[in-house]
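>>> no sequence on hand, only this structure:
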């Protein structure tokens, strides 16, 4: 027996010959994939991957039709796992959600128990105001600190600071006492980033210009949320032994750099893959996002959408016009 209604509303993307159709429609419970936990979805969010999943040339969606949405939060309505009882507030993100398996833009969803994170100290809206982007930012900070980064070591650079990953990284690092420098191409975002904890700023031109294989060693650490355009600058300006946590490819996946920062300064580049993080580590990071990694001004500067107005956010994030976080009220 299922606790999910026979039909419900969902935002669906589907390939139709030479185009991709998308929009809200009635979806059947029988068409949901199997799983031990059934969730009444209350909130989701808009991520760059979601935007690509709803474009004909996005090269992200691996099934059609697809309910996009790589993250979701809501209330358990039925469960075969005693550790995740009905009535619990939970979230799920990553793995195959919104890519090869129906995701969060729906009133109900069914997922494997091993993908579910119980929420402690965060509401469903809070969780999606953080979302996959905020989780990636937290994971980046944790990784840098596990390699020894401390506030007294020197300035830390965050690229793509006006986006979801970058803005949350700025907030977490600022609250932890770091001297945070934010790189952004949006001058009107500087006041907000200063409120989040940034103390210095670089323009887009400064972090995308071509340079020497090695330049002045400036950064004790970095969070790169952009990719091809900014990562070469970051690598050639890291201090000896410093690390960059890299998670972005908004500017493309191709990396043009030399080995010199690695072999002459001993720098490290850590890839931040939020999709396949083991569930126990995932749960620990989310517990920290409710406590010592909780971003300041959580829930502020959030644009709220619904299933019916979702197109706006999906188009904006692909076009680079999204500021801060975009959340989707499902209920």
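In hand now; what should we look at? As the structure is a computational prediction, the values presented were derived from the model and not from experiment.
>>> which residues of the protein fall in helices?
For the chain, helices defined by DSSP state H occupy the ranges 48-53, 124-146, 164-175, 190-196, 204-208, 231-237, 260-264, 279-289, 310-319.
>>> mind checking which of the ones you listed is nearest residue 36?
helix 279-289 (12.9 Å; CB to CB). Just so you know, the C-beta spots here come from the backbone N, C-alpha and C atoms, and that holds for glycine as well.
>>> okay, domains of the chain per the record?
Listed domain ranges for the chain are 7-119+301-329, 133-271 (source: automatic domain parsing).
>>> want to throw the ones you listed into a markdown table with mean neighbour count?
Compiled in a markdown table, the domains of the chain are given as follows (neighbours: other CB atoms under 10 Å):
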| stretch | mean neighbour count |
| --- | --- |
| domain 7-119+301-329 | 19 |
| domain 133-271 | 20 |
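>>> where in the stretch 101-250 of the chain is pLDDT low?
Applying pLDDT under 70 to the stretch 101-250 of the chain flags no residue at all.
>>> gap between stretch 9-21 and the chain center?
Relative to the chain's own centre, stretch 9-21 is displaced by 24 Å; criterion: CA atoms, centre = their mean, to the nearest Å.
>>> contacts for that stretch next, please.
By CB atoms under 8 Å, 6 or more residues apart in numbering, the surrounding residues in contact with stretch 9-21 are 22-27, 53-56, 61, 64-69, 102, 105-107, 307, 310.
>>> swap in 6 Å and give it another go.
Stretch 9-21 is contacted from outside by 22, 24-25, 27, 54, 56, 64-68, 105-107, 307, 310, using CB atoms under 6 Å, 6 or more residues apart in numbering.
>>> which two of the residues you listed have the greatest separation?
Greatest spatial distance in the contacts of stretch 9-21: 56 and 107, 25.9 Å, computed using CB to CB.
>>> picking up where we left off before, tabulate the domains of the chain (TSV), appending distance to residue 291.
Converted to TSV, the domains of the chain look like this (distance: least, CB to CB, whole Å):
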stretch	distance to residue 291
domain 7-119+301-329	13
domain 133-271	11
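>>> so among the contacts of stretch 9-21, where is pLDDT lowest?
Lowest pLDDT among these: residue 56, with 87.
>>> ok, now which ones touch it?
Contact analysis of residue 56 by CB under 6 Å, 6+ apart lists 19-20.
>>> now it: how far from residue 70?
Applying CB to CB, to the nearest Å, the value for residue 56 to residue 70 is 19 Å.
>>> cool, residue 140 as well?
With distances taken as CB to CB, residue 140 is found 17 Å from residue 70.
>>> swap in residue 260?
Applying CB to CB to residue 260 and residue 70 gives a distance of 36 Å.
>>> same question for residue 12.
Counting by CB to CB, the gap from residue 12 to residue 70 is 15 Å.
>>> can you check residue 231 too?
For residue 231, the distance to residue 70 (CB to CB) stands at 23 Å.
>>> likewise for residue 297?
24 Å.
>>> again, but for residue 271
Note on residue 271: its distance to residue 70, by CB to CB, is 18 Å.
>>> cool, and residue 109?
12 Å.
>>> with residue 92 instead?
10 Å.
>>> residue 46 now?
Using CB to CB, we find residue 46 at a distance of 10 Å from residue 70.
>>> with residue 171 instead?
Shown here: residue 171 relative to residue 70, a distance of 21 Å by CB to CB.
>>> do the same with residue 166
Applying CB to CB to residue 166 and residue 70 gives a distance of 18 Å.
>>> same question, residue 212
Separation of residue 212 from residue 70 (CB to CB): 38 Å.
>>> try residue 208
Using CB to CB, we find residue 208 at a distance of 27 Å from residue 70.
>>> before we move on, what about residue 191?
From residue 191 across to residue 70, the span is 30 Å (CB to CB).
>>> check residue 17 too.
Separation of residue 17 from residue 70 (CB to CB) stands at 26 Å.
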